[in-house]
Each structure stands twice: as C-alpha cells, then as structure tokens.
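Engineer: Pasted the sequence and its predicted model underneath.
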Amino acid sequence: MRSPLPRSVLTRLETGRLVVLSVLLGMLVGGLGILLRLALDALATLRDVVIGYSPPGTPGEGGLMMTFGAALPWALLVLPALGMLYTALTPARRGDALNALIASYHTRAPLPGLRSQVGTLGAAAAANASGLLVGRDTPFLLAGQLGAALLRRVTSLDAVEFRTLTLAGAASALGLVLHAPLAAAVLLAEVLYRRFEFEFEVLMPCLLAAVAGSAVYGLAFGFSPLFSVPTLPAPAAPQLAQYLLIALATTLAAVVAVLLSRLLPTTVTGAWYRPLLGGLFGLLTAAVAVFVTPDILGGGSGWQQLALSGFVGTEGLGLGLLRWTLLALGAQLAFGGGVLPSVAIGGLLGTGLGSLLGVDPAIASMIGAVSVLTVTLNVPVAAALLATTWGGEALLPLALVAAGIAHVLSGPRGLMDAQVTARKDSGAHNTAAPLLPEGIRYAPRVNVVNVTSVPAAVPFDRPAAPEGALRGERELYRRSVPRSWQGTRLSLVALPPGVEVVGVIRDGTVRVPRPDLRLTPDDELIFLADAEAFAALEGVLRLTGS
C-alpha cells in the first residue's frame, strides 16, 4: 500500500499542510487572544473595586501610565487565596507555562488535558489581574497552547505536527502580548536550549502563526507597539562604559536571583504543601504592598513603561530590588517566570542605575531588560530583538553587546529547568530517547532477523510481511490514532507491508494490541517499522486526510 506519488511531491504536500495549519492556528490564537484581553480587562476592573489600587499599564494593551487609589489592607487577603490556587494548578514537575511547554517538547510528554488547561489559564489570569508576580504573557502563553489543543480536535495531527504547532501557538500568543511577532517566534525557537542553540525546524511555523495571530488581534485592538518609547538616539561613545557597567550589574543581579531561587530543593517546592507555599508568597506580596509600597503589585510592565517615559528615576532601583526579591523567592513556585516580569525587573534596575550614572534612563532601562531576560530565559538573540522592536534600531548594537555579555557570564543557569544544553540532548532529536511513557523502556534498533518476540503483525487476517520486504533496521514509532481508524477494531485496520502495531497507549498505560480492541480518539499507537515503510504509511494517511 505504498503511495504512487514521488517522495518529493509528498514532501511538498506535507510542507504545504504545515504552512496552512500554522496560519489557521495563528488566526485561532488571535481570536482567543481577543477574548482573553477582554477577560483580563474585566478582571482588572474587578480588582480596582475590590483591592482599591490600579497599577500602571502599557499603552499597547490599553493601560494608563499612572496609578490610582491605595491598596485596601483587608482586601489584599485575596492574594494568598489566589496564590494557593495558582500553585495548585501549576505542579512542580511542570513549573510555569513556559517551562511546561519546553519540557513537553523535549520529553515528548503530552500536555495536560483541555479541562486542566482551561483551569490553569483561568488561575493565571486571576493571579495576573490581582497583582501577584505573574506576567501578562503567562495567560496568553496558555491560550496559545489551548489553541493548539483545539486545532488537534478538529484536525488529524501526528505527534511531530502537534509538537511543532504547540510551539507555534505559543509563539503566536507571545507575539500578541509582546506586540512583536518576529521576536516572539525567535524566542520560542531559542528558549528550548541553554546554550545558543535554535530549533530551526519550528522557526517558520512559529513565525507564520505569530504573524497571522497578530493580524487578527490587531484588527480588534490596533497595531500600536507594547511600549510607547520616544525615538532613542544611538548611545554616545563617551557613555558606552556606563552602559556596559549597567549591563554587568544587571547581569550579576539576575545570576544571583537565579542562584537564590535554587536554595529551596524541589523536595520542598514540589511537596504536598506546595499550594501553602503559594499562599505564603501571596501573603508576603500583600504585606509588602501594605507596609512598604503598593507599587509592588502587578507584573511590572506598566512600571517599565513609566521608566522608558522618564517618570522613574533613582527610585526605580528600590522598586526593581523589591521585585527581584519576589522573583528569587517565587521562581520555583511558578511566580516571575516568563518574559515580562524579567523585562520589568531589568528595566527598573537599569533605570535606577542609569539615573545614578547620569545617562539616558530609557536606554539604560532597555539594556537592563535585555541583560536580565538573557540570564533568566537564555535567549540573547530574542532579547536583543525585543529591545530593537520596542526601542528602535539604534539600540541594536548595544543590545547585542549586552545580551552577549549576559549570556557569557551567566553560563547555563536560568529559570527554565526543562531547557537542555544542545539538540543532541533533546528527546525530540535523540533517537535513543524514550518514545514511550514513563515506566516503559525504549526498544533499541534491532535487525529484522532478530525480532522474535514482537507481537503478531497487523492486520491480523493475513500473514506478516516476509522478511525480504523489510529493508534495513526497524524502529518504534508513536502516533495518535488516525481519524479514519477511530472506532475501528484492530483486526480491520490495513497496514502497508513492513509496519506492525506492537502496542496501544490508553489512559497512560501500554496495552497489548488485541484483534478485538476498538480504537478511540484518545488512543496512541506504537508501530514497529523501518523508516521507509512508516513514511509510506504517513504519506497515505495524510493524503486521505487522516
């Protein structure tokens, strides 16, 4: 049952399919982003009524560059409750939304179910709106993953396509909230690794989805940038030493924050009382807001806007250090992860240092943001692109230097535990990586003549393919059940020569492929086949829309 079309034609069909799916996913995520922004605006209005304090916002997201009201002490008790809820829905083994996405890609582990994703999205949105250290990009990132899950329900996607489109959905969502689709696409391709590696295979789907999503989102809310920044001049040569000093200082601060966040072992932050720790973090945030300053509330991107506009001076150093402390304490509890909290902390520290050193505070703010973001997420190229997108091309040389310094000095440290050092360490590329769920060992490549203990081949109503039909070595492949096979008994499934079903994954366990077993949409199949035979199977399934 080999496809009559040449391999080059099949390759073009598969590539075109991924392009179309990426654009469709971007449009879907753009629509979800519109709904999410309306929901966040409604939650912000509720916060203003309950807590009595409104932090500054960014013009690109409809915020105002000023604060309103004073935080009501008793109303801030809502923060511990929301902290408990948020940490309860972000288990330690996954971490925050970005870390969970990275882990899922490298380990090939499935993301939580649709209901769980919706619950986590709601908790993240509430935590962000209430004033906890959860960036606005976190709920958007979860919305991007939700868009990929919804697309999979209406489209037949194999495991590789779904893994790629999940990253593309996340890139599209980040492009919406950062108002920087190109930088968001590069960030998703770069954040998977610790040491200047890129996932080039997913870069184009991420870019297509990000552009399509931003087009849909912009139709509803306009296409203004996230930050309103005056045209920044190229840094003067006599001031380069001060800017490099700011880059060094903010890099050191970020490295120390990452090291401090590791002091509590995962046996503590991942224990059964993890939600209680989240409640304590919320209580600490409320205490700082009452006894020190309510300006600690929120993700901080609004304060970054004030810093860029020249309304923050040396006091930015104190506010940045307060947020730096919360990041160090809450990172292992999924607080402070993502893009915007790091941008705000670095921006405020940079502004304070720039005011002390007598240089342009806006440029200093961008340099600090680039340095801290590079350290926390290991994304030097994306950090420089974001600074250029928000601050203008004149910042590019200095942003690249600051990102390079931060990347070299920080080493492989970062807040994303799921990152791997290089492509060879990723389960998405390592042929020796486990393709099966935890607890099931990977069967290494074996020669056909040595395969004696493999269950009977499928279909069950005809003899197995002769050994001569199988060329080279066979491997295990894992794939979701094609749409045309759903509800069908295994005995009725027709497979090309050289392909066998050796297991069915259902409810997290591997089952023996019995002939009378009916396949469900949630099942996954484990095939034993050589590369050419499995490619033929995939080609036929894609041509038939399965």
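Structural biologist: Now that the structure is in, tell me what you want to look at.
Engineer: so where does the residue nearest the centre of the chain fall, helix or strand?
Structural biologist: Ranked by distance to the mean C-alpha position of the chain (Cα atoms, centre = their mean), the top residue is residue 98 at 3.3 Å. With elements taken from DSSP states H and E, the one containing residue 98 is helix 97-107.
Engineer: Which helix or strand in the protein has the lowest average pLDDT?
Structural biologist: Every helix and strand in the chain was compared by mean pLDDT, DSSP states H and E; the lowest is strand 446-447, with a mean of 43.
Engineer: still on that earlier bit, what's downstream of the helix holding residue 98, the next helix or strand?
Structural biologist: Per DSSP H and E, the first helix or strand lying C-terminal to helix 97-107 is helix 114-130.
Engineer: C-alpha coordinates for that next one, CSV please?
Structural biologist: Coordinates of each C-alpha in helix 114-130 appear next as CSV, following Å, rounded to 0.1, in the frame of the first residue of the first chain:
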residue,chain,number,x,y,z
LEU,A,114,-8.2,20.5,27.8
ARG,A,115,-10.1,20.9,31.0
SER,A,116,-6.9,21.2,33.0
GLN,A,117,-5.5,23.8,30.5
VAL,A,118,-8.6,25.9,30.9
GLY,A,119,-8.4,25.8,34.7
THR,A,120,-4.7,26.8,34.7
LEU,A,121,-5.5,29.6,32.2
GLY,A,122,-8.2,31.0,34.5
ALA,A,123,-5.9,30.8,37.6
ALA,A,124,-3.1,32.5,35.8
ALA,A,125,-5.4,35.3,34.5
ALA,A,126,-6.8,35.9,38.0
ALA,A,127,-3.3,35.9,39.5
ASN,A,128,-2.0,38.4,37.0
ALA,A,129,-5.0,40.7,37.4
SER,A,130,-4.9,40.6,41.2
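Engineer: Residues contacting the helix or strand just after it, please?
Structural biologist: Once the chain leaves helix 114-130, the next helix or strand it forms, by DSSP H and E, is helix 137-154. For helix 137-154, contacts defined as Cβ atoms under 8 Å, 6 or more residues apart in numbering pick out 21, 24-25, 28-29, 32-33, 36, 40, 96-98, 101, 111, 114, 117-118, 120-121, 124-125, 128, 157, 162, 165-166, 168-174, 176-178, 337-340. All C-beta spots, glycine's among them, are computed from the backbone N, C-alpha and C.
Engineer: 7 Å - rerun?
Structural biologist: Residues outside helix 137-154 that contact it (Cβ atoms under 7 Å, 6 or more residues apart in numbering): 24-25, 28-29, 32-33, 36, 96-98, 101, 111, 114, 117-118, 120-121, 124-125, 128, 162, 165-166, 169-170, 172-174, 176-178, 338-340.
Engineer: What is the following helix or strand past it packed up against?
Structural biologist: Sequence order places helix 159-178 as the next helix or strand after helix 137-154, per DSSP H and E. If you count contacts as 3 or more Cβ pairs under 7 Å, 6 or more residues apart in numbering; DSSP states H and E, helix 159-178 packs onto helix 7-50, helix 97-107, helix 137-154, helix 181-190, helix 200-221, strand 473-480.
Engineer: Count the neighbours of residue 129 for me.
Structural biologist: Residue 129 has 25 neighbours, counted by other Cβ atoms under 10 Å.
Engineer: next one: the one 3 residues further on
Structural biologist: Applying the criterion other Cβ under 10 Å, we find 27 residues in the vicinity of residue 132.
Engineer: Go ahead and confirm it touches residue 84.
Structural biologist: No. Contact criterion Cβ atoms under 7 Å: residue 132 and residue 84 do not qualify, at 11.0 Å.
Engineer: ok, now which ones touch the residue nearest to residue 377 when sequence neighbours are not counted?
Structural biologist: With Cβ to Cβ, 6 or more residues apart in numbering as the criterion, residue 377 has its nearest non-adjacent residue at 5.5 Å, and that residue is residue 191. Residue 191 is in contact with 98, 102, 377, 378, 379, 416, counting by Cβ under 7 Å, 6+ apart.
Engineer: helix or strand for the closest residue to residue 513 other than its chain neighbours, which one?
Structural biologist: The shortest distance from residue 513 to any non-neighbouring residue, by Cβ to Cβ, 6+ apart, is to residue 501 (4.7 Å). Applying DSSP H and E as the criterion places residue 501 in strand 499-506.
Engineer: Name the residues of that strand that are buried.
Structural biologist: Within strand 499-506, the residues scored as buried using 16 or more other Cβ atoms under 10 Å are 499, 500, 501, 502, 503, 504, 505.
Engineer: So which of those residues is the closest to residue 401?
Structural biologist: residue 505 (48.8 Å; Cβ to Cβ).
Engineer: Tell me the spacing between the closest residue to residue 32 other than its chain neighbours and residue 105.
Structural biologist: Spatial nearest neighbour of residue 32, excluding adjacent residues (Cβ to Cβ, 6+ apart): residue 143 at 4.7 Å. Separation of residue 143 from residue 105 (Cβ to Cβ, to the nearest Å) stands at 18 Å.
Engineer: So which of these two has more stuff around it?
Structural biologist: Comparing residue 143 with residue 105 by neighbour count (other Cβ under 10 Å), the higher total belongs to residue 143, at 30 against 24.
Engineer: ok, now how distant is that one from residue 203?
Structural biologist: Distance from residue 143 to residue 203, by Cβ to Cβ: 21 Å.
Engineer: Residue 485 now?
Structural biologist: In terms of Cβ to Cβ, residue 485 sits 32 Å off from residue 203.
Engineer: Comparing those two, which shows the higher neighbour count?
Structural biologist: residue 485 (21 against 18).
Engineer: The more buried one and residue 494 touch, don't they?
Structural biologist: No. Applying Cβ under 7 Å as the test, residue 485 and residue 494 come out as separate, 9.7 Å apart.
Engineer: circling back to that earlier point, how about the residue nearest to residue 513, what does it touch?
Structural biologist: Residue 501 neighbours (Cβ under 7 Å, 6+ apart): 458, 490, 513, 525, 527.
Engineer: Buried among those? Make that a ChimeraX selection.
Structural biologist: Per 16+ other Cβ under 10 Å, the buried members of the contacts of residue 501 correspond to this ChimeraX selection:
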select :458,490,513,525,527
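Engineer: Just give me the closest of the contacts of residue 501 to residue 221.
Structural biologist: Distances from residue 221 to the contacts of residue 501, taken by Cβ to Cβ, are shortest for residue 525, at 43.0 Å.
Engineer: ok but the closest one is inside a helix, no?
Structural biologist: No. Counting by DSSP: H, G, I helix; E, B strand; the rest coil, residue 525 is located in no helix; its state is strand.
Engineer: Make 26 the starting number, not 1.
Structural biologist: All set: I'll call the first residue 26, so the last point we hit is now residue 550.
Engineer: Enumerate the beta-bridge partners assigned to it.
Structural biologist: residue 504, residue 529 (DSSP bridges).
Engineer: How about the one 4 residues further on?
Structural biologist: The bridge-partner assignment for residue 554, based on DSSP bridges, gives residue 500, residue 524.
Engineer: That one and residue 498 touch, don't they?
Structural biologist: No. With contacts counted by Cβ under 7 Å, residue 554 stays clear of residue 498, the gap being 10.3 Å.
Engineer: With neighbour numbers in mind, choose between these two.
Structural biologist: residue 554 (23 against 13).
Engineer: Could I get the contacting residues of that one?
Structural biologist: So residue 554 contacts 499, 502, 523, 524, 525 (Cβ under 7 Å, 6+ apart).
Engineer: now with 8 Å?
Structural biologist: 499, 500, 502, 523, 524, 525, 562.
Engineer: Let me know the closest of the residues you listed to residue 351.
Structural biologist: residue 502 (45.2 Å).
Engineer: following the one helix or strand residue 347 maps to, which helix or strand shows up next?
Structural biologist: In this assignment (DSSP H and E), residue 347 forms part of helix 340-355. Note on helix 340-355: by DSSP H and E, the next helix or strand toward the C-terminus is helix 365-382.
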